[in-house]
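J.: compute the structure for the input listed below.
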Amino acid sequence: MPSSTPSPEPCTAAPVLIFDSGVGGLSVVRALRAQLPGVPLAYVCDNAAMPYGTKPDHWLVQRIVAVCLAAVAASGARALVVACNTASTLALDALRAALSIPVVGTVPAIKPAAALSGSGVIGLLATSATVTRPYTDKLINDFAGHCTVVRVAADGLVEQAERLLAGEPLDDRGLDQGLAPLWRDAGLDTVVLGCTHFPLLRDRFDARAPRPVQWVDSGAAIARRVAQVLDTLPPAVNTTGDSAWATGPVSPGLIRGFAGFGFGEPRPLPLPAPSPTP
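T.: Take a look at the predicted model:
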């Protein structure tokens, strides 16, 4: 019986694979292209399971590992970037145990934000899953114990970022409501964009801020870490362009969003077996 996991593309050089539940990881792609021009990239979005924040942790770990294993096999990746805070806090250990290639995770940029803040009041704008994680508590205790941290769960902004890249109109009221809790502390001067979707909306956020603030994300730090990892691996030459996969429907908007970051039309990613409904 033929395997349901696709074989690597025969002529594609080994890329760095970026994984996210949706298009948020494209903000990390932007940082990777700036830091590592010419390095071949691949992308997989698990859009069939979006949003991750509503799923049980145990189900998510199994799902993330299954999707990443299939995508690594399809792309022949030499390194994996988990460009999702929720997936990183849940599944990094499981992914590293299951894969033989290096795995780079994503964490909210609380440490650099605390160092940048002049007032000592910083915001954490993230999804509910990230805002409430014990992992986030530890980051704040370790690196921002001297700061006041305003935690804002803004799950609705994920959809706004997806709409932006699909070329669909944004909900201005939804944007304002998502950001409003940040402005209640007049001393806040720095905001951590704790979801990889949110840097895609940075210009919209800046236009709505009632005063100048510093927006800090993890993209540059992830790119630097990937550069360090690639230094230990054999070189690769990009000969066929960058590829993308999706686990769910490939809409015209999804095609448009990926094209804006140099990827071709996402291809369906077959999984070994259907994931059970959470």
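
J.: any idea where the helices of the chain begin and end?
T.: 26-35, 57-75, 85-98, 110-116, 128-131, 134-143, 156-165, 172-179, 202-208, 219-230, 252-259 (DSSP state H).

J.: any idea which of those scores lowest on pLDDT?
T.: Per-stretch mean pLDDT for the helices of the chain is lowest at helix 128-131 (a mean of 88).

J.: Pro15: which of the helices of the chain is closest?
T.: helix 57-75 (5.8 Å; CB to CB). (Each C-beta comes from the backbone N, C-alpha and C, glycine too.)

J.: just the CA atoms of that closest one, as PDB, please.
T.: The C-alpha coordinates for helix 57-75 follow below in PDB (Å, rounded to 0.1, in the frame of the first residue of the first chain):
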ATOM      1  CA  ASP A  57      -3.400  20.400  25.000                       C
ATOM      2  CA  HIS A  58      -3.000  16.700  24.700                       C
ATOM      3  CA  TRP A  59      -4.700  16.700  21.300                       C
ATOM      4  CA  LEU A  60      -2.700  19.600  20.100                       C
ATOM      5  CA  VAL A  61       0.600  17.900  20.900                       C
ATOM      6  CA  GLN A  62      -0.300  14.900  18.900                       C
ATOM      7  CA  ARG A  63      -1.600  17.000  16.000                       C
ATOM      8  CA  ILE A  64       1.400  19.300  15.900                       C
ATOM      9  CA  VAL A  65       3.800  16.300  15.800                       C
ATOM     10  CA  ALA A  66       1.800  14.600  13.100                       C
ATOM     11  CA  VAL A  67       1.700  17.700  10.900                       C
ATOM     12  CA  CYS A  68       5.300  18.500  11.300                       C
ATOM     13  CA  LEU A  69       6.500  14.900  10.600                       C
ATOM     14  CA  ALA A  70       4.500  14.900   7.400                       C
ATOM     15  CA  ALA A  71       5.700  18.400   6.300                       C
ATOM     16  CA  VAL A  72       9.300  17.500   7.000                       C
ATOM     17  CA  ALA A  73       9.000  14.400   4.900                       C
ATOM     18  CA  ALA A  74       7.300  16.300   2.100                       C
ATOM     19  CA  SER A  75       9.800  19.200   2.100                       C
END
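
J.: ok now that helix, how far from the chain's centre?
T.: 15 Å (CA atoms, centre = their mean, to the nearest Å).

J.: mind listing what the residue nearest to Asp171 when sequence neighbours are not counted touches?
T.: Spatial nearest neighbour of Asp171, chain neighbours left out: Gln160 (6.5 Å); criterion: CB to CB, 6 or more residues apart in numbering. Neighbouring residues of Gln160 by CB atoms under 8 Å, 6 or more residues apart in numbering: 170-171, 174-175, 178, 201, 204.

J.: top of those residues by neighbour count?
T.: Leu201 (25 neighbours; other CB atoms under 10 Å).

J.: give the contact list for that residue.
T.: Contact partners of Leu201, counting by CB under 8 Å, 6+ apart, are 157, 160-161, 164, 175.

J.: quick one, grab the pLDDT at it.
T.: Taking Leu201 on its own, its pLDDT is 96.

J.: do the same with Val39
T.: At Val39, the model reports a pLDDT of 89.

J.: quick one, which of the helices of the chain gets closest to Ala186.
T.: When the helices of the chain are compared for distance to Ala186 using CB to CB, the nearest one is helix 172-179, at 14.9 Å.

J.: show me what that closest one is packed against.
T.: Under the contact criterion of 3 or more CB pairs under 8 Å, 6 or more residues apart in numbering; DSSP states H and E, helix 172-179 touches helix 156-165, helix 202-208.

J.: pick the most deeply packed of those.
T.: Highest mean neighbour count among the helices and strands packed on helix 172-179 (mean count of other CB atoms under 10 Å): helix 156-165, with a mean of 21.

J.: gap between it and the chain center?
T.: With CA atoms, centre = their mean, you get 13 Å for helix 156-165.

J.: sounds good, over and out.
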